[in-house]
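Q: When you get a sec, could you give me coordinates for this:
(one chain, ligands or ions: 1)
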Amino acid sequence: MIAKRMEYLVQNSSVIRAMFEEGKVMAKKYGAENVYDFSIGNPNYPPPPAIKQAFLDILNNEDELYVHGYMSNAGFESVREAVAQSLNRRFGTSFTMQNIVMTCGAAGGINVALKVILNPGDEVIVLPPYFVDYGNYVRGYDGVIVTAPTRASDFQPDPETLRAAITPKTKALIVNSPNNPTGVIYTEESIRAMADVLFEKQREYGTSIYIISDEPYRDLAYDGLEVPYITKFYPNTIVCYSWSKSLSLPGERIGYLAVPSEADDFERLMAAASVATRVLGFINAPSIMQLVVAKCLEEKANIAAYDANRRLLYDGLRNLGYEPVMPQGAFYMWVKAPGGDDKAFTNKAKEHRILVVPGASFGYPGYFRIAYCVAKETIERSLPAFEALARELGLI
Ligand code: PLP
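A: Residues are numbered from 1 along each chain as shown. Below is the predicted model of the structure:
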């Protein structure tokens, strides 16, 4: 017998993952070129050549016992220091290795952060639409998810829904910008407004409320837009970064936590993060990947390719009568579900071999999400299918 908690997770397993599997079956049946699988955020562009070179250099030149051995649970000190200095150069922070713990991607980082701060019954606020696994992570530590919907007009955080959601039990707010699924970058004004509410509520309740800043898309911003660095506005921030998306390494499981020294209970928090990394069974982030990314800290994401996809898809859909939100970052497009029923729409889309994810999977019905981290040709080939669907739905 599997555990009750696990039964729930299996039954409510990710719609996105299920679609990804369905896409593979459909590709076998109809031919991969005839299926337009926009279900999952798996980057379709290879990592920069520097990644392979770093692997080769490490394997050729470094001591094997060092490369493949255990190290401190927080990660190699040299890697943590290199990450800290890179952040300081780019964002004007003042981190040292003491502020960094290497993690198994952003998901690993968020789990470490939650393990460190949550007591049973503690509340964690999320901002719908939001990445659904947050709920599963929070429940895993006996926490409770509380929602504070973003503004319907632009999907920016809403200080008023946030204020209403905070209670004396609030331990954290999870923020994700650039956002999955909307592609929206939270503005400096939004971050300052959120910070003001959190400062006010911390004072009122005499508590510490941490922002967990989930940042796998930080380096995917278009049109030269800046993604504000949240620690500058709110020191009680745990940044969870990942190279999964920026350098196309999602299977490698590598990222880090960064926490400013000014965060409440900083020293115990960092010590607990190391222990959490170990007791969650990660032990440490993959050793060779730590060494690889440390050599590639200045490498850039393939923004140009995603930008070309973004424009092609946005223009294509608008011409067909759909109502997409122009993404500012990440590689997702958030589109109003024609007719308003996102599940009915995504089922209908499947009949045209288009796989997209209903907004309900992000706690926000009425929209659907397109992951456009695919080959440009997939988008080109999908537009006639979107057109046939638009005609069937009377959009054109
Ligand atoms: N957070 C968000 C918002 C994501 O979209 C994803 C992956 O798609 C993750 C976290 C997990 O990323 P990682 O592969 O770095 O664990």
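Q: wait, what's in contact with the residue of the stretch 1-150 of the chain found nearest the ligand?
A: Proximity of the stretch 1-150 of the chain to the ligand (CB to the nearest ligand atom) peaks at residue 105, 2.8 Å away. Quick note: C-beta positions are derived from backbone N, CA and C, even for glycine. Neighbour list for residue 105: 216, 242, 244, 250, 253-255 [criterion: CB atoms under 8 Å, 6 or more residues apart in numbering].
Q: who are the neighbours in contact with the residue of the stretch 151-300 of the chain found nearest the ligand?
A: Closest residue of the stretch 151-300 of the chain to the ligand, CB to the nearest ligand atom: residue 242 (3.0 Å). Residue 242 makes contact with 103, 105-107, 109, 215-216, 254-255 under the criterion CB under 8 Å, 6+ apart.
Q: Tell me which two of the residues you listed sit farthest apart.
A: Distance extremes for the contacts of residue 242: the farthest pair is 215 and 254 at 13.6 Å, using CB to CB.
Q: just checking, residue 142 is part of a helix?
A: No - counting by DSSP: H, G, I helix; E, B strand; the rest coil, residue 142 is located in no helix; its state is coil.
Q: Quick check: it touching residue 123?
A: No - assessed by CB atoms under 8 Å, residue 142 is found out of contact with residue 123, at 11.3 Å.
Q: and those two? which has more neighbours close in?
A: residue 123 (20 against 12; other CB atoms under 10 Å).
Q: ok, that one - contacts?
A: Residue 123 neighbours (CB under 8 Å, 6+ apart): 143-146, 167, 169-171.
Q: Narrow those residues to those that are buried.
A: For the contacts of residue 123, a burial check counting by 16 or more other CB atoms under 10 Å picks out 143-146, 170-171.
Q: of those residues, list those near the ligand.
A: By CB under 6 Å from any ligand atom, no member of the buried ones among the contacts of residue 123 lies near the ligand.
Q: Put together TSV for these, with pLDDT on each row.
A: Formatted as TSV, those follow (pLDDT from 0 to 100):
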residue	pLDDT
143	98
144	98
145	98
146	98
170	98
171	98
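Q: Which residue ranges of this structure form helices?
A: Taking DSSP state H, the helices of the chain run over residues 4-11, 15-30, 49-61, 64-68, 77-91, 105-117, 133-140, 159-165, 188-205, 266-279, 287-294, 303-319, 342-351, 376-392.
Q: what's the most buried one of those helices?
A: Here the criterion is mean neighbour count by mean count of other CB atoms under 10 Å, and of those the winner is helix 105-117, at a mean of 25.
Q: Let's test this: mean pLDDT of it, rounded?
A: On average, the pLDDT along helix 105-117 is 98.
Q: Please export the C-alpha coordinates of that helix as CSV.
A: Provided in CSV are the C-alpha atoms of helix 105-117 (Å, rounded to 0.1, in the frame of the first residue of the first chain):
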residue,chain,number,x,y,z
GLY,A,105,17.9,23.0,-9.6
ALA,A,106,15.2,25.5,-8.5
ALA,A,107,12.9,22.6,-7.4
GLY,A,108,15.6,21.3,-5.1
GLY,A,109,16.3,24.8,-3.8
ILE,A,110,12.6,25.5,-3.1
ASN,A,111,12.3,22.2,-1.2
VAL,A,112,15.3,23.0,0.9
ALA,A,113,14.0,26.5,1.7
LEU,A,114,10.6,25.1,2.7
LYS,A,115,12.1,22.3,4.7
VAL,A,116,14.2,24.9,6.6
ILE,A,117,11.4,27.3,7.5
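Q: does residue 5 really touch residue 139, like I thought?
A: Yes - with contact defined as CB under 8 Å, residue 5 counts as touching residue 139 (7.5 Å).
Q: before we move on, the earlier item: need the buried ones among the contacts of residue 123 in a markdown table with distance to residue 24, can you?
A: Formatted as a markdown table, those follow (distance: CB to CB, whole Å):
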| residue | distance to residue 24 |
| --- | --- |
| 143 | 34 |
| 144 | 35 |
| 145 | 30 |
| 146 | 36 |
| 170 | 40 |
| 171 | 39 |
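Q: Now for the closest residue to residue 291 other than its chain neighbours: which residues touch it?
A: Leaving aside its sequence neighbours, residue 291 sits nearest to residue 58 (CB to CB, 6 or more residues apart in numbering; 5.1 Å). The neighbours of residue 58, taking CB under 8 Å, 6+ apart as the test, are 67, 288, 291-292, 295.
Q: Residue 263: which of these is nearest?
A: Among the contacts of residue 58, and counting by CB to CB, the member closest to residue 263 is residue 291, at 27.6 Å.
Q: quick one: the helix or strand bottoming out on mean pLDDT in the chain to helix 133-140, angle?
A: When the helices and strands of the chain are compared on mean pLDDT, DSSP states H and E, helix 15-30 comes out lowest with a mean of 83. Counting by axes from the mean of the first three to the mean of the last three CA atoms, to 10 degrees, helix 15-30 lies at 130 degrees to helix 133-140.
Q: What is helix 15-30 packed up against?
A: Where contact means 3 or more CB pairs under 8 Å, 6 or more residues apart in numbering; DSSP states H and E, helix 15-30 is packed against strand 36-37, strand 354-355, strand 357-358.
Q: Tell me which of those sits most buried.
A: Ranked by mean neighbour count, those are led by strand 357-358 with a mean of 26 (mean count of other CB under 10 Å).
Q: Could you tell me which strands that strand is paired with, and in which direction each runs?
A: As defined by DSSP bridges, the strand partners of strand 357-358 come to strand 367-371 (antiparallel).
Q: one step back: let me have the contacts of residue 58 in a markdown table, extended by distance to the ligand and pLDDT.
A: Compiled in a markdown table, those are given as follows (distance: CB to the nearest ligand atom, whole Å; pLDDT from 0 to 100):
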| residue | distance to the ligand | pLDDT |
| --- | --- | --- |
| 67 | 22 | 98 |
| 288 | 17 | 98 |
| 291 | 18 | 98 |
| 292 | 15 | 98 |
| 295 | 19 | 98 |
